[in-house]
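Visitor: Need the 3D shape of this:
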Amino acid sequence: MSEYVLTCCSTADMPKEYFERRGIPFVCFHFNIEGKEYPDDLGQTMSFDEFYSKINSGALPTTSQVSVGQFISFFEPFLADGKDILHLSLSSGLSGSYNSALTAREELLLKFPNRKLIIVDSLGASSGYGLLTDAAADLRSNGATIEEVHTWLEANKLNIHHWFFTTDLSHLKRGGRLSPTSAFMGTLLNICPLMNMNHEGKLIPRMKIRGKNRVIGETVHQRELHAINGLDYSGKCFISNSACSEDAHKLANLIREKFPNINSPILINSIGTVIGSHTGPGTVALFFEGDKRTE
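Guide: Modelled structure (predicted):
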């Protein structure tokens, strides 16, 4: 069996130690804040605390995807070492990085025609994308071939649910994603938008809920509705947050109460600097395996 490498992008929002432990190399997106560009390197160059503190002070970061050239530089050493690659990309519904990876693949296979370089559109983001990558790593650890993992990913990637809520509308207003009037009224009424990822990997607003406790409760309810086996769910559960770990832990505690059969710890991660550039502080996201995502 040919040896293969499982890779992804930094926007899977998993800890650096996790990728090292599981042997998953990642390629970095980039962000620009206060006139300087940084790699989205999982909080190594700029800590998450510093990043979100800058946003709270008025900074508006911008982001850039992985270029074709960066993908070529990332992939080529593995191919030159005689290894095949299975790469999971950030959702094509959010970024053009998937297409950049495909273009890099075409160029590299001209140079390495006997190697395999498979690109998978995760149709996910943040630690939901990370949860899919984790499932691929589990399959690889259990001896699955690159083709078997690829087939499983394409058949199951829409079963990874992504539910996001935000309790801070100020960044959406500063970034032009919400009008000043809507942000003012939303804040006045204590509105917390609840969103999820659809079947095209796009983030879709679903509900406007008054109050943090209610939106946390509704997030748990959506898990009840969609999780495999409902309240008997026993699979993995990941949560990510942008500078609001108290809310993330409150959500995790409610899930533990409602779903007593979960057989592994609920992993709470930070939303990284690229995804966080768009969500701002105050966002919590829940990820789990469920029924097929739809429109």
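Visitor: Tell me which helix or strand comes right after the lowest-mean-pLDDT helix or strand in the chain.
Guide: The helix or strand of the chain with the poorest confidence is helix 180-188; it has a mean of 55 (mean pLDDT, DSSP states H and E). Counting by DSSP states H and E, the element after helix 180-188 in chain order, helix or strand, is strand 191-197.
Visitor: partners of that following strand in the sheet?
Guide: The sheet places strand 191-197 alongside strand 160-166 (antiparallel), strand 203-210 (antiparallel), with pairing taken from DSSP bridges.
Visitor: Pull out the buried positions in the shortest one.
Guide: Of the residues in strand 160-166, those buried by neighbour count under the rule 16 or more other CB atoms under 10 Å are 160-166. For the C-beta atoms, the positions are set from N, CA and C on the backbone; glycine is no exception.
Visitor: Can you name the two of those residues that sit furthest apart?
Guide: The distance between the two most remote of the buried residues of strand 160-166 (CB to CB) is 20.4 Å, for 160 and 166.
Visitor: coming back round to it: mind putting the buried residues of strand 160-166 in CSV, distance to residue 119 included?
Guide: Compiled in CSV, those are given as follows (distance: CB to CB, whole Å):
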residue, distance to residue 119
160, 18
161, 23
162, 20
163, 26
164, 25
165, 31
166, 31
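Visitor: what's the closest of the residues you listed to residue 110?
Guide: Nearest to residue 110 among the buried residues of strand 160-166, with distances taken as CB to CB, is residue 160, at 33.3 Å.
Visitor: Might one say that the closest one is in contact with residue 132?
Guide: Yes: at 5.1 Å, residue 160 and residue 132 qualify as touching, with contact defined as CB atoms under 8 Å.
Visitor: who touches both of the two?
Guide: residue 124 (CB atoms under 8 Å, 6 or more residues apart in numbering).
Visitor: For the stretch 51-200 of the chain, just list every one of the strands.
Guide: Secondary structure of the stretch 51-200 of the chain, counting by DSSP state E, counting those that start in this stretch: strands at 62-64, 84-89, 117-121, 160-166, 191-197.
Visitor: Quick check: neighbours of the third one in the sheet, parallel or antiparallel?
Guide: Within its sheet, and counting by DSSP bridges, strand 117-121 is paired with strand 84-89 (parallel).
Visitor: How far off centre is the strand it pairs with?
Guide: 16 Å (CA atoms, centre = their mean, to the nearest Å).
Visitor: Ok, stretch 141-149 next?
Guide: The chain centroid and the centroid of stretch 141-149 are separated by 22 Å, computed with CA atoms, centre = their mean.
Visitor: likewise stretch 63-73?
Guide: On CA atoms, centre = their mean, the centre of stretch 63-73 falls 18 Å from that of its chain.
Visitor: repeat for stretch 51-63
Guide: The chain centroid and the centroid of stretch 51-63 are separated by 20 Å, computed with CA atoms, centre = their mean.
Visitor: Fine, thanks again, bye for now.
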